[in-house]
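> Everything below, folded, please.
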Amino acid sequence: MKTHTLRARLLEAQLDLAHRQERSVILLLTGHAVTYKGQLVNELNHWLENRHTEVHALGPSSEERERPYWWRFWRRVPDRGRIGIFIHGWYGDALFARAERRLSPGAFRDRLAEIRAFEAELAAEGVMLLKLWMDIGRREQRRHLQALQADPIRAWQLSPTDWQRHLQHAAITVLGREMRHATAADHAPWHRLAFRDPAIQLQRVGGLLHQTLVAPCARPTEVPESAPDGVSERVPGEAPAPPSIRLSDPRIKTSLKKSRYAARLAKEQGRLAINAREAARRRIPMVLAFEGLDAAGKGGSIHRLTAALDARQYRVHRIAAPSDEELALPWAWRFWRRLPADGRIAIFDRSWYGRVLVERVEKLASEPAWRRAYAEIREFERQLLAHGTVLGKLFLAISQEEQLRRFKARAATPHKRHKLTEEDWRNRERWDDYRQAIDEMFARTQSPGAEWTLIACDDKRRARLAVLEEVNRRLEMRLDSAH
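Numbering: from 1, shown residues only. Okay, the predicted model is just below:
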């Protein structure tokens, strides 16, 4: 195909992608040094409508180092209708760290397993991936480096890292082959491009991108609920055995007197204030996920919790129906983007568990999507823990009788009526469906460090104290282990 014809067809396909906004595309280039990656991307960007294209070639910033590793890539996933171009991307970190022996063989395999999971999740959400390995022989690479170094106009393009990569050529070749073999999939194919003249390379890359843009969306044929084979013990395997907690557990019936409650509340809030300050000093992040039945008291419990914290240290994220911006991106994006920096606290009033609760019961997500979510959630939480995050998952439970009493009280109280909606009554009619979904959620997402805590909430005072005690317990466990 002639260059001008290919360029016109590529632009037409890109504009169709932007118009339909049904999917997004990621083009990733990695491989050996001095293979025209930067030049290729610059030229390709001139072929494309750059209002619908974004290019990323960057190392981690200080802000990104304060969050779990994958945060910096999740926040750069392109919106539906857009093309994201990554130079090295998530592959460069693993490849070069292993070549320099900063990653052990086992850690390298673990990272490749994370990459497979990440790319499968993107593909399942409508992101098409095209991955290019830029190849060059060692002798040819050396001649090219020497030619660049001798050219006063282009010598600035070279860096000491390019020569270092030349010395590592054999290792990068072997590791690149292992990496491509481990991460190739129908929904995330690899293409190896031998070193050629830049104009020929541009023609090949443009052709592959055009094929990707006009091809049917390639989604994983099956996303298992367990981790891929060969993953080390750090990655969750099969869903664990059902935990000892179930929604149908008996409720505490006795009420706590107001005077005793006030004294215990002040004590637990003071304890939390000390623990939170120490966690901030040690740069330990914390994520709290609050789930629960309607009228169980999530808002009141969160209010008593935050009353003990410095307002500069925490953020409360109330998760509702996704916005237009969130609908244009993969489902997990809106939770990744809200993760706290080291030393900060993120409190989620409703969370990523909505996919396996309300979205499941109300059929807002397809069955394959919510079934797939169990593995995605376990991997998400594993990455939080691997970063050193203190993770608390609290489910606030209430009996049917107490829920009905609170609904009626809200309806009869003018300043509380806004809290009661038709949706609350509709959810109550599906109590058994929610109970089944909740018990399965407990069973499939319970793991060390990410255990669920069931809070009995028929007595609000006892429930609020139980929340504070659990948060303090988790913080103190981490602070004690960090000595």
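> My assumption is that residue 11 lies in a helix; please confirm.
Yes - counting by DSSP: H, G, I helix; E, B strand; the rest coil, residue 11 falls inside a helix.
> mind giving me the domain split of this protein?
For the chain, automatic domain parsing gives the domain ranges 3-214, 258-481.
> How far away from the center of its chain is the shortest one?
This means domain 3-214. Averaging C-alpha positions (CA atoms, centre = their mean, to the nearest Å) puts domain 3-214 21 Å from its chain's average.
> Averaged pLDDT, that domain. What do you get?
Mean pLDDT, computed over domain 3-214, is 95.
> cool, the last one as well?
The predicted model assigns domain 258-481 a mean pLDDT of 95.
> Give me the distance between the two termini of that domain.
This stretch, domain 258-481, spans 35 Å end to end (CA to CA, to the nearest Å).
> Next: the first one.
The separation between the terminal residues of domain 3-214, taken as CA to CA, is 18 Å.
> quick revisit: in CSV: the domains of the chain, plus mean neighbour count and distance to residue 247.
All C-beta atoms are positioned from the backbone trio N, CA, C, and that covers glycine. Converted to CSV, those look like this (neighbours: other CB atoms under 10 Å; distance: least, CB to CB, whole Å):
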stretch, mean neighbour count, distance to residue 247
domain 3-214, 17, 28
domain 258-481, 18, 5
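> Reformat these into TSV and put distance to residue 246 next to each item.
Shown next, in TSV, are these (distance: least, CB to CB, whole Å):
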stretch	distance to residue 246
domain 3-214	29
domain 258-481	5
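> and residue 220, which of those domains is closest to it?
Closest to residue 220 of the domains of the chain is domain 3-214 (CB to CB; 4.9 Å).
> Geometrically speaking, which residue is the centre of this protein?
residue 336 (4.4 Å; CA atoms, centre = their mean).
> Contact partners for that residue?
Listed by CB atoms under 8 Å, 6 or more residues apart in numbering, the contact set of residue 336 reads 70, 71, 74, 75, 380.
> so which two of those residues are the farthest from each other?
Longest span within the contacts of residue 336, CB to CB: 75 and 380, 14.2 Å.
> Let's see stretch 15-31 as PDB, backbone CA atoms only.
Taking Å, rounded to 0.1, in the frame of the first residue of the first chain, the C-alpha atoms of stretch 15-31 are listed here in PDB:
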ATOM      1  CA  LEU A  15     -11.600   9.300  13.300                       C
ATOM      2  CA  ASP A  16     -14.100   6.500  13.200                       C
ATOM      3  CA  LEU A  17     -12.800   5.300  16.500                       C
ATOM      4  CA  ALA A  18     -13.200   8.800  18.000                       C
ATOM      5  CA  HIS A  19     -16.700   9.100  16.600                       C
ATOM      6  CA  ARG A  20     -18.000   5.700  17.800                       C
ATOM      7  CA  GLN A  21     -16.300   5.900  21.200                       C
ATOM      8  CA  GLU A  22     -16.800   2.200  21.700                       C
ATOM      9  CA  ARG A  23     -13.200   1.200  22.500                       C
ATOM     10  CA  SER A  24      -9.700   2.600  22.900                       C
ATOM     11  CA  VAL A  25      -6.400   1.500  21.500                       C
ATOM     12  CA  ILE A  26      -3.000   1.200  23.100                       C
ATOM     13  CA  LEU A  27       0.200   1.000  21.000                       C
ATOM     14  CA  LEU A  28       3.200   0.000  22.900                       C
ATOM     15  CA  LEU A  29       6.800   0.000  21.600                       C
ATOM     16  CA  THR A  30       9.700  -1.500  23.400                       C
ATOM     17  CA  GLY A  31      12.900  -3.400  22.600                       C
END
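> so where do the helices sit in the stretch 201-350 of the chain?
258-281, 298-306, 324-327, 333-336 (DSSP state H, counting those that start in this stretch).
> and if you look at the stretch 1-150 of the chain?
According to DSSP H, counting those that start in this stretch, the helices that the stretch 1-150 of the chain contains are 3-20, 37-47, 62-65, 71-74, 89-99, 105-124, 138-150.
> Tell me which other helices or strands the last one touches.
The elements that helix 138-150 packs onto, with contact taken as 3 or more CB pairs under 8 Å, 6 or more residues apart in numbering; DSSP states H and E, are helix 160-167, helix 169-183.
> Looking at the helices of the stretch 1-150 of the chain, which is nearest to residue 298?
Among those, the nearest to residue 298 by CB to CB is helix 71-74 (25.6 Å).
> Identify all contacting residues around stretch 47-66.
Contacts with stretch 47-66, where a contact means CB under 8 Å, 6+ apart, come from 7, 10-11, 14-15, 17-18, 38, 41, 45, 71-72, 76, 78, 81-89, 202, 206, 283, 285, 341-343.
> Over to stretch 138-146?
Residues contacting stretch 138-146 (CB under 8 Å, 6+ apart): 32, 33, 34, 136, 158, 162, 163, 166, 169, 170, 195.
> how about 10 Å then?
Taking CB atoms under 10 Å, 6 or more residues apart in numbering as the criterion, the residues outside stretch 138-146 that touch it are 32-36, 135-137, 158, 162-163, 165-167, 169-170, 172-173, 194-195.
> Against residue 304, how distant is residue 418?
21 Å (CB to CB, to the nearest Å).
> can you list the helices and strands packed on helix 138-150 in CSV and add distance to residue 425?
Formatted as CSV, the helices and strands packed on helix 138-150 follow (distance: least, CB to CB, whole Å):
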stretch, distance to residue 425
helix 160-167, 63
helix 169-183, 48
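> Looking at these, spot the one closest to residue 120.
helix 169-183 (10.1 Å).
> ok, then the element right after that closest one?
Counting by DSSP states H and E, the next helix or strand C-terminal to helix 169-183 is strand 190-193.
> And that following strand, what does it pack against?
On a contact count with 3 or more CB pairs under 10 Å, 6 or more residues apart in numbering; DSSP states H and E, strand 190-193 meets strand 24-31, strand 127-134, helix 169-183, helix 198-214.
> For residue 354, which of those is the nearest?
strand 127-134 (21.0 Å).
> strands paired with that closest one, and their directions?
Strand 127-134 sits in its sheet next to strand 24-31 (parallel), strand 190-193 (parallel), going by DSSP bridges.
> Report the angle between that strand and helix 3-20.
150 degrees (axes from the mean of the first three to the mean of the last three CA atoms, to 10 degrees).
> Helix 105-124 and strand 127-134, what's the angle between them?
Using the same axes, to 10 degrees, strand 127-134 lies at 140 degrees relative to helix 105-124.
> Phi and psi next, for residue 80.
phi -60, psi 140 (degrees, to the nearest 10).
> Is it in contact with residue 22, as I believe?
Yes - if you go by CB atoms under 10 Å, residue 80 and residue 22 touch, sitting 6.3 Å apart.
> shared neighbours, the two?
Residues touching both residue 80 and residue 22 comprise residue 126, with contact defined as CB under 10 Å, 6+ apart.
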